[in-house]
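1. With the input below, show me the fold.
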Amino acid sequence: MLRSTWGCPELDRVWNRERKIAGMKPLLKSVMLILAFAPCVGGTAVAESEYELRSPDNRIEIRIRTTGRIQYDVLLKGKTLLRDSLLSINIDHKTLGIEPMVLAAKERAVDQMIEPTIRQKFARIHENYRELRLEMEGGYAVVFRAYNEGVAYRFETSLPQSQVKVYGEESSFNFTDDYNVFYPQEDSFFSHNERRYVPQHLKAIVPASLATLPAVVDAGDGVKVAIAESDVEDYPGLWLRGTSGNGLAAAFPPYPLKETLERDRDFKVTESADYIAVTAGTRTFPWRAMGIVERDGDLLTNELVWLLEKPSQLQDTSWIKPGKVAWDWWNANNIYGVDFKAGINTQTYKYYVDFASKYGLQYIILDEGWYKLGNLLEVVPEINMEELTAYARQKNVGIILWVVWKTLDDRLEPALDEFAKWGIKGIKVDFMQRSDQLLINYYYKVCREAAKRKMLVDFHGDQKPATMTRTWPNLINVEGVRGLEWSKWSAETEPEHNVTLPFTRMFLGPMDYTPGAMLNASKRSFAPIFDRPMSLGTRCHQLAMYVVYDAPLQMLADSPSNYLREPEIMEFLAPIPTEWDDTRVLDGRIAEYVAVARRNGHDWYVGAMTNWAPRELEIDFSFLPEGNFWADTYQDGENADRYGSDYKKAKIQVNRTTKLKVKLAPGGGWAARVLP
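-> Model (predicted):
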C-alpha cells in the first residue's frame, strides 16, 4: 500500500483533502485530479513516499519511509517493535540510501511448498511471503519481504562498474524500549563464535561491544525478535554492536590486506583496508533478517533464515547422507578392555569402525593427529589409511577427516583428490575464526570442491556457514557454538546455557554441539578434566539433546567403550535419526526449559531439558495420530541430582489423549522413543 505527500503546499492540501474524502484510502481518480489541477511552482511534483508491507497472515507489518533517508518500522499486531531503523550502503564513497528517489515500487507474493534436500526440521517447508521492491535512482534497489516468520530486506545494485569497493553498510535495529537482549558478546572479529547468550539491557551495550548472531531481543508479552542474516556470498558476515540506546547496529570485519600465520592454524589479519568488500557492481547483497515470534518455542521451528538462503547449487544430491558419528577427540581415545594400545593408530580406529557398524552409525571421524600438522598429504606412520578405509568400506562405515582450514587451503585440490582416492566421505574443517569476505568466499570454495568429489563438509571455527546449508546441502553441520568440548576445560557448557542455545544459536541453522557424554555430573561433583571429560547435568539431559538440537550430522562424543557397556542407552542412540519429517515444540522458555517432539517416518521421539531448576513438565501426546503407541522412556533417576548418570528406563503405552507428568532433576532431562 502506498501513501504519499508531495513536497508542495498546493498538492499536499488537495491530497490530504482527498484522502479524508476517500476514508484514508487514496483513489487513482484523486491522484489524477491532483496532478491535473494542482500545479506546483518550480516544476514537476515528485512523491516522497511511505509504503506498507504486511505478512500473509497480516500480523506483521513493515512501514517504510523514503524522505531524506530510507527508514522503516516493524509492527506486530499493531504494536511497534522497531522504529526509525535506518539502512544504507557506501559503495565507492557514494552512499546509497541518502536522499533516495523512488523510480518504481513493485509488489509480488509467493506461496508454495518446498521439499528441502536435508530435512533438518520438516519434510516440507511453506514458503509464503509478500515482497516490495523499491527501485531507486542511481542504479540500486531495496527489497523488503514480510513473512509470517518475520521480516527481511536487502540491497541490490546494477552499477556500471564491473568491480566496486564497499566502504560500509549501515543497518540499525532501533527498538521502542530498553528491552533485554540475549547478546553473544565477542572480544574481536577473530573468534570461534563460541559465546554464551547473556541477557542484558540494550542501553547497557556500548558501541565498542561486538557480538555475533543472533541477538534475541525480548520485546515483552512473550514476543522475541531474533536478528540474523542470510544468503551471505562474496561479502563479510554481519556482526552487531551496541549503540548505548534502544538499538543495535551492524558491524563488519574489514577487508584483509595482510595475514600472518601463527602455528599451523591461527591465520590472523594483521593489516586491514578501510573498506569491507571488493565485489561486482551488479549483484544482490545479503539479507538482513528479523525473526519474530509470540512464544519462545516458535524460535525453534522458525525457518526464516533457511527460506532466505539461495536455493541449492547442487544438481545431484542423492549421495548426501546425514547420520551419526563416532568421534575420537572429545573422549581422548579412552577405550578399554582391548588388547592393543589405544591412541591415534589403525587398531584404535578399526575399533571405532566396529562400534559404528554394530549400531548402524554411518560415520567415524579421525580428528587432530591423523596427519603431520602442516601437511595433509603426510599421514602419521601409526595409521595405514588404505587399510583403514578398506576396512571401513567392508563394514559400511564412512570416514570423515578433520583438517585445519589453512593447511587445506594451501593444497585444496590435491588433498581432496587424495581423500577421494581413499574413499573419504567428508571433511571437518576447523580454526577459521574469521568471517571477512575472504573467508566467506573460502566457505563457498570448499563446499563446491567437496561436492565435486561427493564429500560432506562440517565447518567448525565460525558460525557463518550455518546460514549456507540450503545453498550447499553437502554442508551438513556447523559449529560456531559453545558445545560439549568446553567441559574439557571449564564449567561453562552447563544446563542453563544448553537450554538457551535452541532459542538463540540454533535460529541460524544446525549446530555441532557434539552431545553424548556418559559420565554426567552435578554442580558439586563436576571437574573439567581434559583427558577424561564429563558433562554438567544428567544423563537424560544429554539424551534429550539428540531430539532438541538440529544436527543432520550428529556426534556420539564419548568413548565407544562407554557406550558398549550401556546397551539400554544405545537402544535410544542407535536408532534415533538425524533428519526429521516434522518438528513440534511442546513447551519452552528461553534459558529455562524446552520440550520437543520430532517425527521420522512413523516413529516419534521426544526430548525435554531443564536448567538447574528441578521442574515437572506435562508432555502432551496430542501430536500422535489415532491409535495406541509404545513409548520407551528415559527419566532422571531418584538420585540424579547427586549422581548425574542415574536414570530409569520404562515402557508405557500412550495415545493422542495422553498427558504425562515428567519430573526433571536439576540440570535434568527426559527422552522417549514412541513407536506404533
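
2. can we go C-alpha only for contacts and neighbour counts from here?
-> Fine.

3. Now do the contacts for Trp472.
-> 312-314, 447-448 (C-alpha atoms under 8 Å, 6 or more residues apart in numbering).

4. Narrow those residues to those that are buried.
-> In terms of neighbour count (16 or more other C-alpha atoms under 10 Å), the buried residues within these are 312, 447-448.

5. wait, doesn't Pro286 sit right on Val232?
-> Yes: using C-alpha atoms under 8 Å, Pro286 is in contact with Val232, at 4.9 Å.

6. My read is that Ile64 contacts Arg83, right?
-> No: using C-alpha under 8 Å, Ile64 makes no contact with Arg83, being 10.1 Å away.

7. and the closest residue to Met290 other than its chain neighbours, how many neighbours?
-> Closest residue to Met290 apart from its sequence neighbours, by C-alpha to C-alpha, 6 or more residues apart in numbering: Ile227 at 4.7 Å. Under the neighbour criterion other C-alpha atoms under 10 Å, Ile227 is assigned a count of 24.

8. what pLDDT does the residue lying closest to Phe629 once chain neighbours are set aside get?
-> If the residues on either side of it in the chain are set aside, Phe629 comes closest to Pro676, at 4.5 Å by C-alpha to C-alpha, 6+ apart. Note for Pro676: predicted pLDDT of 94.

9. contacting residues for Pro676?
-> Pro676 is in contact with 602-603, 627-630, counting by C-alpha under 8 Å, 6+ apart.

10. same question, Met468
-> With contact taken as C-alpha under 8 Å, 6+ apart, Met468 is in contact with 230-232, 309-310, 475.

11. Could you give the average pLDDT over stretch 59-73?
-> pLDDT averaged over stretch 59-73 gives 98.

12. List the buried residues of it.
-> Applying 16+ other C-alpha under 10 Å to stretch 59-73 flags 59-67, 69-73 as buried.

13. Tabulate these in a markdown table, adding columns for distance to Ala557 and secondary structure.
-> As requested, those are exported to a markdown table (distance: C-alpha to C-alpha, whole Å; DSSP: H, G, I helix; E, B strand; the rest coil):
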| residue | distance to Ala557 | secondary structure |
| --- | --- | --- |
| Arg59 | 43 | coil |
| Ile60 | 42 | strand |
| Glu61 | 44 | strand |
| Ile62 | 45 | strand |
| Arg63 | 48 | strand |
| Ile64 | 49 | strand |
| Arg65 | 52 | strand |
| Thr66 | 53 | coil |
| Thr67 | 56 | coil |
| Arg69 | 52 | strand |
| Ile70 | 49 | coil |
| Gln71 | 47 | strand |
| Tyr72 | 46 | strand |
| Asp73 | 45 | strand |
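
14. Between the residues you listed, which sits nearest Ile652?
-> The closest of the buried residues of stretch 59-73 to Ile652 turns out to be Arg59 (C-alpha to C-alpha; 41.1 Å).

15. ok, the closest one to Val74 distance?
-> 11 Å (C-alpha to C-alpha, to the nearest Å).

16. if we can go back for a sec, could I have the buried ones of the contacts of Pro676 as PyMOL selection syntax?
-> Buried residues within the contacts of Pro676, by 16+ other C-alpha under 10 Å, are selected in PyMOL with:
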select buried, resi 603+629
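
17. Okay, strands next: where are they in the stretch 451-600 of the chain?
-> Assigned by DSSP state E, counting those that start in this stretch, the stretch 451-600 of the chain shows strands spanning 456-459, 475-478, 520-521, 535-536, 553-556, 582-589, 593-600.

18. of all those, which gets the most neighbours per residue?
-> strand 535-536 (a mean of 30; mean count of other C-alpha atoms under 10 Å).

19. got a list of contacts for that strand?
-> Here strand 535-536 has contacts from 484, 487, 491, 493-495, 517-523, 526, 644, 667, using C-alpha under 8 Å, 6+ apart.

20. Pull out the buried positions in stretch 347-364.
-> For stretch 347-364, the neighbour count (16+ other C-alpha under 10 Å) marks 347-357, 360-364 as buried.

21. Quick one: mark the members of those residues that sit in helices.
-> Mapping those onto helices (DSSP state H) picks out 347-357.

22. ok, of these, which one's closest to Gly78?
-> Ranked by distance to Gly78 (C-alpha to C-alpha), these are led by Ala356 at 54.0 Å.

23. That closest one and Ala326 touch, don't they?
-> Yes: Ala356 lies in contact with Ala326 (C-alpha under 8 Å); the separation is 6.5 Å.

24. Number of residues surrounding Pro311?
-> So Pro311, with other C-alpha under 10 Å, has 16 neighbours.

25. Not counting its neighbours along the chain, what's nearest it?
-> Thr471 (5.0 Å).

26. element containing Ala450?
-> helix 437-452 (DSSP states H and E).

27. related to what we said a few turns ago, can you check which of the strands of the stretch 451-600 of the chain gets nearest to Gly426?
-> Distance to Gly426, taken as C-alpha to C-alpha, is lowest for strand 456-459 among the strands of the stretch 451-600 of the chain, at 4.1 Å.

28. what's the closest one packed up against?
-> Using 3 or more C-alpha pairs under 8 Å, 6 or more residues apart in numbering; DSSP states H and E, the elements in contact with strand 456-459 are strand 426-430, helix 437-452, strand 475-478.

29. switch the cut-off to 7 Å
-> Judged by 3 or more C-alpha pairs under 7 Å, 6 or more residues apart in numbering; DSSP states H and E, the packing partners of strand 456-459 are strand 426-430, strand 475-478.

30. which ones are touching the most centrally placed residue in the chain?
-> Centroid-nearest residue in the chain, with C-alpha atoms, centre = their mean: Leu508, separated by 1.9 Å. Taking C-alpha atoms under 7 Å, 6 or more residues apart in numbering as the criterion, Leu508 is in contact with 305, 466-467.

31. cool, and Ser244?
-> 202-207 are the contacts of Ser244 under C-alpha under 7 Å, 6+ apart.

32. most surrounded residue in the residues you listed?
-> Using other C-alpha under 10 Å as the neighbour test, the contacts of Ser244 are led by Leu202, with 24 neighbours.

33. ok, back up a step: how close does the residue nearest to Phe629 sit to Asn655?
-> Here the criterion is C-alpha to C-alpha. By it, Pro676 lies 10 Å from Asn655.

34. Now do the shared contacts for those two.
-> Contacts common to Pro676 and Asn655, judged by C-alpha under 7 Å, 6+ apart, are 628-629.

35. Same list, the contacts of Ser244, but as JSON lines with distance to Ala105, secondary structure and pLDDT please.
-> What follows is these, written out as JSON lines (distance: C-alpha to C-alpha, whole Å; DSSP: H, G, I helix; E, B strand; the rest coil; pLDDT from 0 to 100):
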{"residue": "Leu202", "distance to Ala105": "34", "secondary structure": "helix", "pLDDT": "98"}
{"residue": "Lys203", "distance to Ala105": "36", "secondary structure": "helix", "pLDDT": "98"}
{"residue": "Ala204", "distance to Ala105": "39", "secondary structure": "helix", "pLDDT": "98"}
{"residue": "Ile205", "distance to Ala105": "37", "secondary structure": "coil", "pLDDT": "98"}
{"residue": "Val206", "distance to Ala105": "37", "secondary structure": "coil", "pLDDT": "98"}
{"residue": "Pro207", "distance to Ala105": "35", "secondary structure": "coil", "pLDDT": "98"}
